[in-house]
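In: structure for the following, please:
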Amino acid sequence: MRTRLPAALAGAFGAACGRWRRREGTRRLFARDAGLWTGGDEASWLGWLDAPRAAREAMASYEAVACDGRSFRHALVLGMGGSSLAPELQRAALGRREGHSQLVVLDSIHPDQVAACEAGLDLASTLVVVASKSGSTLEPNLLLAHFQARLAAAVGGAEAPRRILAITDPGSSLERLARERGFRRVVAGEPSIGGRFSALSPFGLVPAALQGIDLEGWLAAASDMSERCRDDEAQTNPGVALGLLLATAAAAGRDKVTLVAHPRLELFGAWLEQLLAESTGKQGRAILPFAGEPLAAPGRYGDDRLFVALRLAGELDAGDDERLDALAAAGQPVVEIDVAAPLALAGELYRWEVAIAAAGAELGVNPFDQPDVEAAKVAARRLTAELERSGELPRAAPFFADESMALFAPESQLRALRAAAGSRPRAVDFLRAHLARIAEGDYFALLAFCALSEPAATAAARLRAAVLEARGVATSVGFGPRYLHSTGQAHKGGPASGVFLVVGDTPRRDLAIPDQALTFGQAITAQARGDFDVLAERGRRALRIELRGSADDLLPVLADRVEAALAG
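Out: Modelled structure (predicted):
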């Protein structure tokens, strides 16, 4: 790890390393001493420390799973958060070995995305992998119901369960269901490893085995990093040094970690967003991750950033070296990490897990809980309960609507928005009023409950780039419901520095869910409204938009209006 730090931050980092050494931080971490953090239940969630060793001891079971990968053209992973983000990273960075399954990851219940995913599969030659630690997570369960029915139509009801593999903790409701229905295989998770720390547990290793990744090489890299992270000297410990630097920067106001990655490692940012935001976004503080944001000139940034570059064999994307040099010369802190080869990513997963554990200790938070994630789930459940009772979701009246979109705002914020928008406002005027609330040190998040298609992703990227250019603040894009299991914790439990635009659309065609009263479209609408309601309850600056058509068609229109609002 190479660092280029301003003098004040370098001094604070050195002091933090000294404190860590005096409190015997590394020894206490590996001794599972909960007093290193808050003295709560932290010791119950440290199984990931031994995950590389445990995985190597269970290699025979993963070899058996790899054999399954040779029997199917596709392996479809249904999961959320840690159950989907690590497999997606492995798929993008390493790819499959010849003769093994092509991995497909689905972590959305938007009906357009579910339909698009299904259309790309040969279900008669697909192994469905449902991954849920608790077994009760809404999205994997709804997706399982859909794809088991589709499998039954393709290969017959008796054969369909033989095409399903479950990864779940022992004793979960999913394990019971898998046993009752006769699933092909049930792989037990480790109860002492939380979801976002599960990349080197069965939740990451089963998908890796299915696509034929060299698990010996993968786990060797993780084991090597595990040994290096046992160094008692903080400044030479790769995980602890990184974590203490993250915490020191956050304490100094640089709480926004901007990740710059080689294109092949781009999805590392999505995995990292969950690890950082969900682990530290609580008690009004957070280390806030920002991935996928293009680097701008030094003058576009304030003093709230820490830049982390992730190289692959020494390389970054074209032009990023020069931009990082300019940022460092302007006094911005820059950290550079080199990944020697794609298989070495396993070591980086372990390094960052240690880093966030050390950062939590330095900040005085429990990095292994997520108290605010449940709030949005509860709000969504209230809406779906009403649907089950009355046959429809509770109605919500927009304060403004036109042919393209309807706008909703918290009642407590509506008067100020109307006053700022003028006497005869259009949608662009309300957008201008909302975005004008962004102040120095804030961040902006687009939260899109729509299918993650190329047109939608392109429009979202253009929208965030416009905000960065006009306001100079950190920006992020989260696609729902994925982000609810990731950055959603920091949005609600972290600092009140976020300005949010929550966007939903109208699916091209809704899909019924077998044995459920609600459809996929209704379920994702309830999630969008539920998360918005919780943001409003927490006093966050939020505007919700319902697009009156598909995001493929209307998210570009919204991006046009945001650009116009910021230019006006």
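In: surely A344 is within a helix?
Out: Yes: counting by DSSP: H, G, I helix; E, B strand; the rest coil, A344 is found in a helix.
In: burial measure for it, as a count.
Out: Neighbourhood size, A344 [other Cβ atoms under 10 Å]: 19. In short, each C-beta sits where N, CA and C put it, glycine included.
In: and for A86?
Out: For A86, the count of nearby residues is 33 (other Cβ under 10 Å).
In: C-terminal to the helix or strand that contains it, what's the next element?
Out: Using DSSP states H and E, A86 maps to helix 82-93. Note on helix 82-93: by DSSP H and E, the next helix or strand toward the C-terminus is strand 102-106.
In: what's the burial count for R509?
Out: R509 has 8 neighbours, counted by other Cβ under 10 Å.
In: hmm, back to that, quick check: angle from the helix holding A86 to strand 102-106?
Out: Here helix 82-93 points in a direction 140 degrees away from that of strand 102-106 (axes from the mean of the first three to the mean of the last three Cα atoms, to 10 degrees).
In: alpha carbons only: can I get helix 82-93 in PDB?
Out: The C-alpha coordinates for helix 82-93 follow below in PDB (Å, rounded to 0.1, in the frame of the first residue of the first chain):
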ATOM      1  CA  GLY A  82     -23.000 -10.400   0.500                       C
ATOM      2  CA  SER A  83     -24.700 -13.300  -1.200                       C
ATOM      3  CA  SER A  84     -24.600 -11.700  -4.600                       C
ATOM      4  CA  LEU A  85     -21.900  -9.000  -4.600                       C
ATOM      5  CA  ALA A  86     -18.900 -11.300  -4.100                       C
ATOM      6  CA  PRO A  87     -20.000 -13.800  -6.800                       C
ATOM      7  CA  GLU A  88     -20.600 -10.900  -9.200                       C
ATOM      8  CA  LEU A  89     -17.100  -9.600  -8.600                       C
ATOM      9  CA  GLN A  90     -15.600 -13.100  -9.200                       C
ATOM     10  CA  ARG A  91     -17.600 -13.500 -12.400                       C
ATOM     11  CA  ALA A  92     -16.400 -10.100 -13.700                       C
ATOM     12  CA  ALA A  93     -12.800 -10.300 -12.600                       C
END
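In: give me the contacts around it.
Out: 77, 79, 103, 105-107, 131-133, 140, 167, 194-199, 203-204, 207-208, 211, 213, 264-268, 270-271, 274, 342, 345, 349, 482, 486 (Cβ atoms under 8 Å, 6 or more residues apart in numbering).
In: again with stretch 464-477
Out: 256, 258, 273, 288-294, 296, 300-302, 304-305, 435, 438, 440-446, 448, 457, 460-461, 463, 487, 559, 562-563, 566-567.
In: the contacts of helix 82-93 in helices, which ones?
Out: Cross-referencing the contacts of helix 82-93 against helices under DSSP state H gives 140, 203-204, 207-208, 268, 270-271, 274, 345, 349.
In: tell me which of those is nearest to A15?
Out: Each of those was checked against A15 using Cβ to Cβ; the closest is L349, at 28.4 Å.
In: the closest one touches S198, doesn't it?
Out: No: between L349 and S198 there is no contact under Cβ atoms under 8 Å: 10.0 Å.
In: what's the overlap in contacts for these two?
Out: 86, 204.
In: specify the beta-bridge partners of V308.
Out: Under DSSP bridges, the beta-bridge partners of V308 are L259, V335.
In: so how far is E454 from the residue located most distally from the centre of the chain?
Out: Largest separation from the mean C-alpha position in the chain: S423, at 40.3 Å (Cα atoms, centre = their mean). Applying Cβ to Cβ, to the nearest Å, one obtains 40 Å for the distance of S423 from E454.
In: do R176 as well
Out: 40 Å.
In: with neighbour numbers in mind, choose between the two.
Out: Neighbour count, other Cβ under 10 Å: between R176 and E454, R176 has more, with 13 against 8.
In: leaving out sequence neighbours, find the closest residue to the more buried one.
Out: Leaving out its chain neighbours, the residue that sits closest to R176 by Cβ to Cβ, 6 or more residues apart in numbering is G135, at 7.8 Å.
In: number of nearby residues for that neighbour?
Out: Neighbours of G135 using other Cβ under 10 Å come to 20.
In: quick one, phi psi at it?
Out: phi 80, psi -10 (degrees, to the nearest 10).
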